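Chemist: based on what follows, work out the 3D shape:
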Amino acid sequence: MPERPAAAPSAAEEMTTSNAWRTRLKAAAGYWLLLLCALFIVSAFLAPQSFAVLAAAGGLAMLGFVAPSRTRAAGFLLLSLLCAWAAGPQLAAITSAKSVTSYDQLERLTSLKLVLMSVLFPALCLGAMCLPKAAQDRLSAMIAWGMAWVAGLIVIDAALQGAVFNAIATAAGSPPRPDLAPVKAAQGAYPIAVLIAPVSLWIWRRGPRSAVGVLAAAPAAACLGLGADAPFAAALAAGAVFVAMTLRPGLSLKLLAAFGSLYFLAAPWLVRLVPASGEGSALPASWAHRERIWRFVSDRILERPLLGHGLDASRGYGDQVPLHPHNSALQIWLELGLPGATLMVALCVWLVWRIGAVTDPLWRAAAGASLTAYAVIGALSFGVWQEWWLGLAAFAALFIVTGAPARAIPSS
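Modeler: You can find the predicted model right below:
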């Protein structure tokens, strides 16, 4: 008798096979993120500029695991509108002129990088939310204990005036310039300041609690020993917000949204309240330098407040504005005008709203403190579109979603 043909697999069997493959892919993606988190820790002390590459590599791996959600869709819509308003004109002009003829020119396109980062960086943390809790715990442990070790290194290095970082950089063949050596040695204090509240809470709940003291000492040591004032200011602000959100969470969230909105909407006028620096100014040199940049940028904003001067316009003012205004709100106003500032306000309010949905009271306070620290540093130091700075935000979000207690963050 002729053999009967093999029966086709049933729908249930196909579903089982598909789920098995998806489980294996999730496990592989979890270990890939664990490797990237280990590299993130090493980079935090030695080369924060690599944060963007690490976050993009993680986001690319997690793209397929991002679950659709209406609440997330609102944030993605705001982010997409901001990205389109910022990057669209530059991309359209370059496309029509066909002016990009080499990879180096392509790599310098802020607009293209913005488009990629707006997709890959959110995917890093949203995809990680779909991992099993055991995988999430491994990721959060890697970041938390790694940050504690980085904090210890910074405390030691600050006492030695940056000798540890300089020795490593020199051995690697890229010794820092003498005038930039303290700045380079203090760069690890920035991720610590952004993550100080959630990492400290994570360690406090698991021990040893002495590591929390090391974390708290790092921004102060970087300020006193290496002259990095922004991380110290950010850590102080994060501590104040953590306490406020622990005692009065509802009121604190409203105030956080209100202050964020006021900052982004009124920045061009608020900076004019800062005393003008000049001969005999009591301001420290770094603050006097910031004040002069902010006042100049404020004047340029008022020339084109509705539409702004265009993406990357900050780079066109020579010594008056070295690369960026050292203030995120002023840079948004200068380059993107009122529409950009309005979208940033909406995005800020949306982020605060999502933080308010966290069910663990202390973790909610830690998330609000982390957002505050990031905003304070952004108001004093880095450019809005700097890839490594946005990559740090992605890793901070990754820690907040993976380090949270079970079911503390809504899955939708």
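Chemist: from here on, just use CA atoms for contacts and neighbour counts.
Modeler: Fine.
Chemist: now do the helix or strand harbouring Thr16: distance to the chain's middle.
Modeler: Secondary-structure assignment from DSSP states H and E places Thr16 in helix 11-46. Here helix 11-46 is found 22 Å from its chain centre; the criterion is CA atoms, centre = their mean, to the nearest Å.
Chemist: next structured bit after it?
Modeler: helix 51-62.
Chemist: my read: Gln136 touches Leu126, true?
Modeler: No: Gln136 is not in contact with Leu126 according to CA atoms under 8 Å; the separation is 11.9 Å.
Chemist: so what sits against both of those two?
Modeler: Common contacts of Gln136 and Leu126, defined by CA atoms under 8 Å, 6 or more residues apart in numbering, are absent altogether.
Chemist: need the helix or strand of the chain with the lowest average pLDDT.
Modeler: When each helix and strand of the chain is scored by mean pLDDT, DSSP states H and E, helix 103-107 comes last, with a mean of 62.
Chemist: what's the first helix or strand after it?
Modeler: Past helix 103-107, the next helix or strand by DSSP H and E is helix 110-128.
Chemist: list the helices and strands that following helix packs on?
Modeler: Under the contact definition 3 or more CA pairs under 8 Å, 6 or more residues apart in numbering; DSSP states H and E, helix 110-128 sits against helix 51-62, helix 70-97, helix 387-403.
Chemist: which strands or helices does whatever helix or strand comes next after it pack on?
Modeler: Counting by DSSP H and E, the next helix or strand C-terminal to helix 110-128 is helix 133-159. Applying 3+ CA pairs under 8 Å, 6+ apart, we find helix 133-159 packed against helix 11-46, helix 163-171, helix 189-206, helix 210-226, helix 387-403.
Chemist: out of the ones you listed, which is closest to Val376?
Modeler: Proximity to Val376 (CA to CA) singles out helix 189-206 among the helices and strands packed on helix 133-159, at 9.4 Å.
Chemist: could you count how many residues lie near the closest residue to Cys223 other than its chain neighbours?
Modeler: Leaving aside its chain neighbours, Cys223 sits nearest to Asp229 (4.9 Å; criterion: CA to CA, 6 or more residues apart in numbering). Other residues within reach of Asp229, judged by other CA atoms under 10 Å, total 21.
Chemist: likewise Ser69?
Modeler: By the criterion of other CA under 10 Å, Ser69 has 10 neighbours.
Chemist: phi, psi for it please.
Modeler: phi -160, psi 140 (degrees, to the nearest 10).
Chemist: and Arg304, by the same measure?
Modeler: phi -140, psi 70.
Chemist: do the same with Pro208
Modeler: phi -70, psi 140.
Chemist: need the per-residue pLDDT for the residue nearest to Trp32 when sequence neighbours are not counted.
Modeler: Nearest-residue entry for Trp32: Gly58, 7.5 Å, with adjacent residues in sequence omitted and distances by CA to CA, 6+ apart. Here, the pLDDT recorded for Gly58 equals 96.
Chemist: for Leu91, same thing?
Modeler: pLDDT, read off for Leu91, is 78.
Chemist: about what we covered before: burial count for the residue nearest to Trp32?
Modeler: Neighbour tally, Gly58, other CA under 10 Å: 28.
Chemist: same question for Leu226.
Modeler: Around Leu226 sit 24 other residues, with neighbours defined as other CA under 10 Å.
Chemist: per-residue pLDDT, it?
Modeler: 90.
Chemist: and the closest residue to it other than its chain neighbours, what is it in contact with?
Modeler: Nearest residue to Leu226 in three dimensions, chain neighbours excluded: Pro182, at 5.1 Å (CA to CA, 6+ apart). Residues in contact with Pro182 (CA under 8 Å, 6+ apart) are 161-162, 226-227.
Chemist: backbone phi and psi for Leu311, please?
Modeler: Here is the backbone geometry of Leu311 (degrees, to the nearest 10): phi -60, psi 140.
Chemist: relative to Gly378, how far out is it?
Modeler: 17 Å (CA to CA, to the nearest Å).
Chemist: how about the contacts of Pro182, which pair is most distant?
Modeler: Among the contacts of Pro182, the pair separated by the greatest distance (CA to CA) is Gly162 and Gly227, at 10.8 Å.
Chemist: more neighbours: which of these two?
Modeler: A side-by-side neighbour count of Gly162 and Gly227, using other CA under 10 Å, places Gly162 first with 22 against 17.
Chemist: would you confirm that that one contacts Ala185?
Modeler: Yes: contact criterion CA under 8 Å: Gly162 and Ala185 qualify, at 5.3 Å.
Chemist: what is in contact with the two at once?
Modeler: Here Gly162 and Ala185 share the contacting residues Leu226, scored by CA under 8 Å, 6+ apart.
Chemist: Three-state assignment for Ala366, please.
Modeler: State at Ala366, reduced to three classes by DSSP: H, G, I helix; E, B strand; the rest coil: helix.
Chemist: is it correct that it is in contact with Ala244?
Modeler: No: taking contacts as CA under 8 Å, Ala366 lies outside contact range of Ala244: 10.7 Å.
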